[in-house]
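Visitor: Sequence below, structure please.
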Amino acid sequence: MSMHGEVVQQWLRGELSSITPLKSALIFRKIQRSTARHMLYSTVQFLRRSGYPYVMLLLDLDRYLDAVSVRSRTIGLYYTFNATMELYELLRQAIDDLEKLDGTMVIAMAPHTIVIDERRGLERYQALKMRLWNDFRVKNSQNPLSPMIRL
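Guide: Numbers count the residues shown, from 1 in each chain. Model (predicted):
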């Protein structure tokens, strides 16, 4: 992979500290809260137009639910409470904009703490919880039309 390609991948993963190396590729801004959803939709549309019959997104939310103090952090990315709430907002918006994700399966993997953690869990973001939670139960069985599957 070219050096330019590696820098673009760092940009996409949110690991790039400065946007300067990407100016020659006509990329002038980091992916932020205001641009992340549009970037996601554009990527899905690009892949579909490139001949992929479907796209599957696998989102690992594990680190968003880690409440690790700054002193205890090791290598890797850690997310603040506000970043977790912004992730929930992005997911809520994606659910509301399903027509823009045509041919896309989104799998969000999260630890059980998403259900029980009062600070970072779904209880803190009712708009997303209402879109994911089972609407009804029939004799202690799951709602077959519910968008959430628990494994």
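
Visitor: Would you map the helices across the chain?
Guide: Here the chain has its helices, by DSSP state H, at 3-13, 33-49, 81-96, 113-116, 126-132.

Visitor: Tabulate those (a markdown table), appending mean pLDDT, mean neighbour count and distance to Met56.
Guide: (Glycine included, C-beta is placed from N, CA and C.) As requested, these are exported to a markdown table (pLDDT from 0 to 100; neighbours: other CB atoms under 10 Å; distance: least, CB to CB, whole Å):
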| stretch | mean pLDDT | mean neighbour count | distance to Met56 |
| --- | --- | --- | --- |
| helix 3-13 | 76 | 13 | 17 |
| helix 33-49 | 83 | 14 | 10 |
| helix 81-96 | 88 | 17 | 14 |
| helix 113-116 | 86 | 15 | 20 |
| helix 126-132 | 87 | 14 | 18 |
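
Visitor: so can I have JSON lines of those showing distance to Asp60?
Guide: What follows is those, written out as JSON lines (distance: least, CB to CB, whole Å):
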{"stretch": "helix 3-13", "distance to Asp60": "12"}
{"stretch": "helix 33-49", "distance to Asp60": "15"}
{"stretch": "helix 81-96", "distance to Asp60": "11"}
{"stretch": "helix 113-116", "distance to Asp60": "12"}
{"stretch": "helix 126-132", "distance to Asp60": "17"}
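
Visitor: closest one to Leu65 among those helices?
Guide: Across those, Leu65 has its closest neighbour in helix 113-116 (5.0 Å, CB to CB).

Visitor: The closest one: how far from the chain's middle?
Guide: Centroid separation for helix 113-116 versus its chain: 17 Å, with CA atoms, centre = their mean, to the nearest Å.

Visitor: For it, give me every contacting residue.
Guide: With CB atoms under 8 Å, 6 or more residues apart in numbering as the test, helix 113-116 has contacts from 61, 65, 120-122.
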